[in-house]
Structures are given as structure tokens and as C-alpha cells.
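Visitor: sequence plus predicted model, see below.
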Amino acid sequence: MQSDIKKLSLILLFAPFALWITLLIIIPHMGMVVLSLREKVAPRVYEFGFGNYIDFINEPIYWNTLLRTGSMSILVTFLALIIGFPIAYYIAKIAGKRSRGALFLLCLIPLWVSDLIRAFGWILLLRETGVVSSFLLWTGAVNQPIEFLYNDVTVVVGLVYTVILFMIVPLVSTLDGMDDAMIEAGYNLGGNGLTVLRRIIVPYAMPGIVSGCIVVFMLTAGSYLTPILLGGKNSSWFTEQIYDQFITRFNWESGAAFGFLLLAFTSIVVWLGLRLTGQTLANTVAKQ
Amino acid sequence: MRRSMKITGVIAAMMLTTASYAQAETLRILTWGSYAPDELIQKFEKENPDIKVEVTYSNNEEMIAKLRATGGAGFDLAQPSHDRIYAAQLEYDIYKPLDLSKIDTSVMEKSLLEGVKENTTIDGEVYAVPHQWGTSGLMKNKAMAPDVKSWGDLCDPKYKGKTSMRLKRTILLGTAFAMGENPFEAYSDLDKYQQILDKVAEKLIECKSNIKAYWKGGDDLSAMMLSGEIVASETWDSTAYKLYDQNKDIVFVPPETGALAWIDTFALPRKGKADDAAYKWINFVLKPENVSIMSASTGAIAAVKGGLDLLPADKKAAVNAAFTAADIDNLKFFANIPPGVEDMEGKTLEKIKAATGE
């Protein structure tokens, strides 16, 4: 009797999750797989085949864009980690109990504003007639307006700004659980700052680092607005290719194939990252 | 037991609300931003108290994508451009034929009506009638770039880093015309068209270092033009007219090879449920007193007889500043896009975007 109730409550608890996964994730993706394996032979006539994937391999523009998106996303992830780690460490370990909450809140505030508005904020600052350029002109540091927008550096800066929070939050929560005594012990045993960081803090924070990196990388590779709005005439982003295939070229079949290629590519990068750092996915969720 | 009572109550309430909805017919319009001004909607609902108007704003590509996703359901009236009917209907079967007897075609400008009918007739059935028309061409700041008059002038080194264009099919076609080709004639011979596209791509890749940035929508184009960051650009005429209001130096320039003209149409989605209401709306917005309200909002010219005179005064001034009668005669109307061309053009655009021009 008791076990029956347990079983029932388990099923009831599990049902919403299962429904969500099947109806909103698995079934639509199955549809996309089927779509991506259709080749258009004539109007309203389709055949089963791998043509859309073969097109991708045969067209250097496509895989170059994918590689570009991938490498820039890795750069963004790396920068977000380098910049985010000290911030997270300060919030979790150095700041006082009371200021900690305030600092954390300060980090969250940019999230209240939509991506679009934040990108437009950057545009206002960085355009040729924008705030930064005008200020430099006014101080006399430069003698003609400078265009900061429309290049890859701006895209990277904008993306780091957008995603850094998703690096800071998991790092703070991991570092928060770390006993200060461990750091003290490190120093007591004669380690200097660098050794303590390398041998104690980073290994302890590893699950947070890995989960932060995965989230940031996935968000960056899949982002659309920031690269489109801040990017220049040469900066293609892979999500833009997918949009173009679906919307401007009416080519849903190849758009679906591109979507899967992006999913496969990012999954492989994450898997490689886990292998290289010797972590497992399970590690990042449940500690020890 | 009490719970099931509650559920019954909720279901009953839902049925009641759907029933009350069914009494008032809903007209769901899929159209361009500003093509259904509030003033007209209120007036229409007052004249037809049993019809409720719902508007979804979109653009050509997204309209087709939306209708394709549902096989033509979800909307009762769509307004794609005249060149987006034929191929989309052949490929995706998303429109239904019009019953021309229910539309007052006598008020429409004859040449535009015939042009659209010719472009959108499949198996003897007409799928669209014209609503508003306008052009794509160039825009220049007279004070800073006085002698811009051809598509090719955007690539003039004199204006290095000070011009813009939208990386879409318009600029491909415009550049082709500027190079002495006629891309619309080449639609019937796709090999020839590919050759033209290759030449155009070469030219536009070379031109990349001259371009400041590719604009993506009317807003970023306006900002760049008004701030003087660019002095000339490819543009929609309505955007140029709006800027003319704010700075009289910014004018629309029909390129010497002819501005490219588009006609936005009325078409019925295949699974639309309120055809009669849709016909009522079509006839309603074609009435002269409503045309003025519509044109004030869209900035485009209505496809009715004397449409130019029905423009509000400020728009009329901008049009007159831009067009001579000869320019109007020289208009190049977008030809029907045959299947396959979108893919060829898309690939060319990708090639240009991916090339490193500097």
C-alpha cells in the first residue's frame, strides 16, 4: 500500500516533466529531423535524402560561418570566465554578509532589460556620432569621429556583456559553499596566493566553472540579436544563416538541417571541453 | 466531487465566451506595419459593428512563412507584394482565388490592376489585386553628395565609408540594371541570370570597402542618414520621404536606370474564415476618403485612380521633389519571382556577406 502511494506520487511528480520534454522538446525536434531530410525536387514535390547536409559540406561559406561562430563563442566564454571569476570570488568570499546580497542584485539588474534594448544601448554609445566618439573628440584625444560599431571586437564585447551573468551566478553559488578554512589551511601550509588559487580554489570551483562555461557557450553560439545588431558587413553569425534559410529563402529543409548541425557542433564542443578538463556532466549538477 | 463541479463550470464558461466571440465576426489581417491605421480600423468597426478587426504586422518573407506554416490558416486577409504571390502559391498553396465581382475594381488604377492580375493569375484564377505601390531607389543628402544618381554611385570612392545599402535582392537587381543588364528578362533563362548574379556579386564585393554598414531596417538607416554618418544609400522611398520632413536636404533619387517599383496587394489566405469581411475591408480602404488616411500612414501611393493626388500635402511635396513624369515612365516593376530564383539570389547574398572586402 505504502509503496503504491510512493509510486503514484512519483508518477504524478514526473508527469509534467515528461509531458514537457516530449511535447515541447522531443516531438518538435523529430519534426525538424524529418524536415531536414527532405529534398525539394520540384514545387510541392519532396524526396527523402541527405541533400541538405551534403550542401552544407560542399559550401565553404556555411561551414566557415559555423567555425567562425564556434571560435568566437569559445573566445567569449573564455573572456566571460576570466572577467567573471574575480567578481564571483569577491561576491562569495570577500564581500561582507550584507553587501553580498546587494552586489548579487546589482549583477542581476541588467537582466531586467531586454537583449534588444541592451544592444541599442551599445549602439548609442559606440556609433560614429555616439557618446564615446563625441567624448574623445571633445577631450581632443582624437581629431575626427571614430566608428567603434560594426566590427568583430564590438560583437565580442557585446556578447560578453550579455552572457557574463550566467557565468557569475553558478560560480558564486559554488564558491559560496567553500569553507574559508580550506583557504586558510592552504596559506598555513606555506602556499602563496597563486598556489592556493590553482590547487584549492579552482579545483573546488570546477563544477561551477564547467556549468557556467556550458551555459555561456550555448547561449553565445545560439544568440541572434547581438551579433546581428552590432556586427559589421563581414561578420556573419550561424544563427543568421538559419534565419535566412527559413525566412528569406523559404528553404525550411536546409534551415532545419542547419539547426541540427549547430546543435551537433555545440554538443561536440561541450563534450570535448568536458573530456579535456576531465569533468563529467553529472559532476556539474550534483557535487560529490 | 467539488472539483469536477469546478471543471464543469470552467468548461461552461469557456463555451460561453467562444459563443459570444462567434457572434461578432473577426477579420484577421496580416499586413505591413502602418497598413492598418487605428483611425481606419475604428471607422470600419463603426460601419460594420458585427466585425472585429485584428491586425498582425509583418513583411513579405514572414507573411509567407506564417501562412506556409499553417497551410494558409490563421488569417483572413494578407498583403504581400505582387511578386510574392505566384511562386508562393505554386510551391505552398497558401492563397485562394479572389471573387473579383465582390471587389470594386473600377476605382483602381487600370495599369496597376492589369499588371497585378497578369502577375498573379494561375489557371485562369486571379489571386491578388493592388492596394498600395511605391519604389525602391536611392537617397542622398544634397548638401554632401550632390551628384549621386545611379545605383553604382554608392560604390564611388568619393564617398568611401559614407554609403549604405540593404543586403537583399533589391540591391542585386539595381546593380544589375546599373551594369546595363535586364535581370527581369533573364528570369526566363536561369543560366543567364546566374551569370548576371556572378557579375553583380563581383561588383558588390569590390564595393564592400566603400560601404559603412548594411542597414537592416528603416530605423537604423534613418539614424545613419540623419546624423550625417552616411551621405547616400539604397532606400525605400517612404523612408526617404519621412526624412525629407526632418531635413529638406535629404531627397529620394530615382536611379537613372529607373526606380524599382513594388505593389502591395490584397490576397486571401487559403483557409481564411471571413472572406466577406475581407472583401468589405478591401472596398472600404479603396474609398477616396479612406485612401488619404491610409496613405498618410503608409507613405505609399494608393493604387486607385488619382492616387498621387490623394496623398497628404507633405508626402506629395516629397514625391514631387523626387519624381519627374519621365521618372514615373521609367519605373521598373518587380517581375514575378520564378521558383529557384530566391535560392540563387540567397546564395549570391551569402557570398557577398561572407567575402572580406577590405
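Guide: Structure received. Every value quoted in this text rests on a predicted model; they were computed, and no experiment measured them.
Visitor: chain B contacts on the stretch 151-288 of chain A?
Guide: A:228-229, A:232-234, A:236, A:241, A:244-252 (Cβ under 8 Å from any Cβ of the partner chain). Yep, even glycine has a C-beta here, placed from its N, CA and C like the rest.
Visitor: please identify which of those is nearest to residue A:107.
Guide: residue A:229 (23.1 Å; Cβ to Cβ).
Visitor: quick one: neighbours of that closest one, just the number.
Guide: For residue A:229, the neighbour count with other Cβ atoms under 10 Å in any protein chain shown is 21.
Visitor: follow-up on the earlier one: buried among the residues of the stretch 151-288 of chain A next to chain B? Make that a ChimeraX selection.
Guide: Filtering these down to the buried ones (16 or more other Cβ atoms under 10 Å in any protein chain shown) takes a single ChimeraX command:
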select /A:228,229,232,233,234,236,241,244,245,246,247,248,249,250,251,252
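Visitor: so what strands line up beside the lengthiest strand in chain B?
Guide: In chain B, assigned by DSSP state E, the strand with the most residues is strand B:129-141. Paired with strand B:129-141 in the same sheet, following DSSP bridges, are strand B:232-236 (antiparallel), strand B:250-253 (antiparallel), strand B:260-266 (antiparallel), strand B:301-302 (antiparallel).
Visitor: take these and lay them out in CSV including mean pLDDT and mean neighbour count.
Guide: Formatted as CSV, the strands paired with strand B:129-141 follow (pLDDT from 0 to 100; neighbours: other Cβ atoms under 10 Å in any protein chain shown):
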stretch, mean pLDDT, mean neighbour count
strand B:232-236, 95, 25
strand B:250-253, 93, 24
strand B:260-266, 94, 24
strand B:301-302, 90, 26
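Visitor: for residue B:76, find the nearest of these.
Guide: Of all the strands paired with strand B:129-141, strand B:260-266 comes closest under Cβ to Cβ, at 11.0 Å.
Visitor: and the residue lying closest to residue A:195 once chain neighbours are set aside, what element?
Guide: Leaving aside its sequence neighbours, residue A:195 sits nearest to residue A:186 (Cβ to Cβ, 6 or more residues apart in numbering or on different chains; 7.2 Å). For residue A:186, the host element (DSSP states H and E) is helix A:180-188.
Visitor: list the buried residues in that helix.
Guide: Of the residues in helix A:180-188, A:183, A:186 count as buried by neighbour count, 16+ other Cβ under 10 Å.
Visitor: can you pull the pLDDT of residue A:93?
Guide: Reading off the confidence values, residue A:93 has pLDDT 87.
Visitor: secondary structure element for the spatially closest residue to it that is not a sequence neighbour?
Guide: Computed as Cβ to Cβ, 6+ apart, the closest residue to residue A:93 that is not its neighbour in sequence is residue A:175, at 6.1 Å. Secondary structure assignment for residue A:175, by DSSP H and E: helix A:152-176.
Visitor: what's near enough to touch the residue nearest to residue A:93?
Guide: Residues near residue A:175 by Cβ atoms under 8 Å, 6 or more residues apart in numbering or on different chains: A:88-89, A:92-93, A:201, A:204-205, A:208.
Visitor: residue A:227 now?
Guide: Residue A:227 sits in contact with A:155, A:159, A:235, A:237, A:239-240, where contact means Cβ under 8 Å, 6+ apart.
Visitor: that one is in what secondary structure piece?
Guide: Per DSSP H and E: helix A:225-230 holds residue A:227.
Visitor: next SSE after that helix?
Guide: That would be, after helix A:225-230 and using DSSP H and E, helix A:238-243.
Visitor: then that next one to PDB, C-alphas only?
Guide: This file holds the C-alpha atoms of helix A:238-243, laid out as PDB (Å, rounded to 0.1, in the frame of the first residue of the first chain):
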ATOM      1  CA  PHE A 238      25.400  31.000 -38.000                       C
ATOM      2  CA  THR A 239      22.000  31.700 -36.500                       C
ATOM      3  CA  GLU A 240      21.600  34.400 -39.100                       C
ATOM      4  CA  GLN A 241      22.200  31.700 -41.800                       C
ATOM      5  CA  ILE A 242      19.400  29.600 -40.200                       C
ATOM      6  CA  TYR A 243      17.100  32.600 -40.200                       C
END
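Visitor: so for that helix, what's the average pLDDT?
Guide: 92.
Visitor: next, the buried residues of the helix or strand in which residue B:293 is found.
Guide: Element membership for residue B:293 (DSSP H and E) is helix B:288-298. Neighbour-count burial for helix B:288-298 flags B:290-291, B:293-298 (criterion: 16+ other Cβ under 10 Å).
Visitor: just put these in TSV and tack on distance to chain A.
Guide: Shown next, in TSV, are the buried residues of helix B:288-298 (distance: Cβ to the nearest Cβ, whole Å):
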residue	distance to chain A
B:290	32
B:291	31
B:293	31
B:294	27
B:295	28
B:296	28
B:297	24
B:298	22
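Visitor: show me how far the host helix or strand of residue B:196 is from its chain's centre.
Guide: Residue B:196 belongs to helix B:190-207 when assigned by DSSP H and E. On the basis of Cα atoms, centre = their mean, to the nearest Å, helix B:190-207 sits 24 Å off its chain's mean C-alpha point.
Visitor: ok, stretch B:48-68 near chain A or not?
Guide: Yes - among the residues of stretch B:48-68, B:61-62, B:64-65, B:68 lie within reach of chain A under Cβ under 8 Å from any Cβ.
Visitor: what's the end-to-end length of that stretch?
Guide: Length of stretch B:48-68, first residue to last, Cα to Cα, to the nearest Å: 30 Å.
Visitor: which residues are contacting that stretch?
Guide: Counting by Cβ under 8 Å, 6+ apart, A:246-248, A:250, A:252, B:23-33, B:35-36, B:41, B:44-45, B:74-75, B:78-81, B:84, B:88, B:92, B:94-95, B:269-270, B:274, B:277, B:280-281 sit against stretch B:48-68.
Visitor: now, of the residues you listed, which are buried?
Guide: A:246-248, A:250, A:252, B:25, B:27-32, B:35-36, B:41, B:44, B:74-75, B:78-81, B:84, B:88, B:92, B:94-95, B:269-270, B:274, B:277, B:280-281.
Visitor: surely residue B:162 touches residue B:225?
Guide: No - applying Cβ atoms under 8 Å as the test, residue B:162 and residue B:225 come out as separate, 10.5 Å apart.
Visitor: so how far is residue B:263 from the residue nearest to residue A:93?
Guide: Note on residue A:175: its distance to residue B:263, by Cβ to Cβ, to the nearest Å, is 63 Å.
Visitor: please apply the same query to residue A:88.
Guide: Counting by Cβ to Cβ - residue A:88 and residue B:263 are separated by 58 Å.
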